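# Need coordinates for the following:
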Amino acid sequence: MQQSIVVGYLSLLLLAGCVQQQTIKPDSPSNQTREQTRLASSRNEQAIRSAITQSLDQVTQIGRYSVISATPTVAQENILTVMITVTMPKPIRTVGDAIHHLLRPSGYRLARFDAQGPEVIQLLNLPLPDVHRKLGPMPLQEALLTLASPAFRLYTDPVHRLIAYDLKTDYQMEFVP
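Reported below is the predicted structural model:
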């Protein structure tokens, strides 16, 4: 992230240097006069300086040569996009336990069971497959979908920080408990 900001600044500075190095052929009627070219160049420089100034307002210097963005990261804005790598502890035995374990640090929680279908309750009570004991690196949302299987859709409520599952229509059959 820091490198991309520095590369962006350097690109803008190089662009500003290129703007001043225009060649002018005064005898050609299709070219601008020297004064028009100078004014256009001046406007371009001002626009570039303005863009650099606005970009610098959004960074904080943390060292002599290091700056960081003063804006939230994508993962901070959308918690379910945070990258995770997790190994499930031994006490976690069911898919529901694993989902609760993944959600605990995120602040999200699973919606009430009565708000979800009987298929979801059955899913949450299934034993956790060994292949799902170690997940990642992947976004939290993908890990939640992986635990549920391709048969389920994930719904999120960012206002209340809830997640819920729903069985996809292709997989719906008559449920026998």
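# in the helix or strand residue 68 falls within, what counts as buried?
Secondary structure assigned from DSSP states H and E places residue 68 in strand 67-69. Along strand 67-69, the positions that meet the burial threshold by neighbour count (16 or more other Cβ atoms under 10 Å) are residue 67. Every residue, glycine included, has its C-beta placed from N, CA and C.
# What average pLDDT does that strand get?
With pLDDT averaged residue by residue, strand 67-69 scores 81.
# And the helices in the protein?
Here the chain has its helices, by DSSP state H, at 2-19, 34-56, 74-77, 95-103, 118-125, 140-148.
# Lowest mean pLDDT across the ones you listed, which one is that?
Within the helices of the chain, the stretch with the lowest mean pLDDT is helix 2-19, showing a mean of 54.
# how does the chain divide into domains?
Each structural domain of the chain that the record assigns through automatic domain parsing is listed here as a residue range: 2-69, 75-171.
# Okay, now the longest one: how far is its last residue from its first?
To tie it back to what came earlier, the one meant is domain 75-171. Criterion Cα to Cα, to the nearest Å; first-to-last residue distance in domain 75-171 is 32 Å.
# Need the distance between the two termini of stretch 83-93.
23 Å.
# Next, the buried residues of that stretch.
Of the residues in stretch 83-93, those buried by neighbour count under the rule 16+ other Cβ under 10 Å are 84, 86, 88, 92.
# Grab the nearest non-local neighbour of residue 97.
With Cβ to Cβ, 6 or more residues apart in numbering as the measure, residue 128 is the residue that lies nearest to residue 97, at 6.9 Å, once sequence neighbours are left out.
# I'd say the one you found and residue 101 touch.
No: because the distance of 9.7 Å does not satisfy Cβ atoms under 8 Å, residue 128 is recorded as not touching residue 101.
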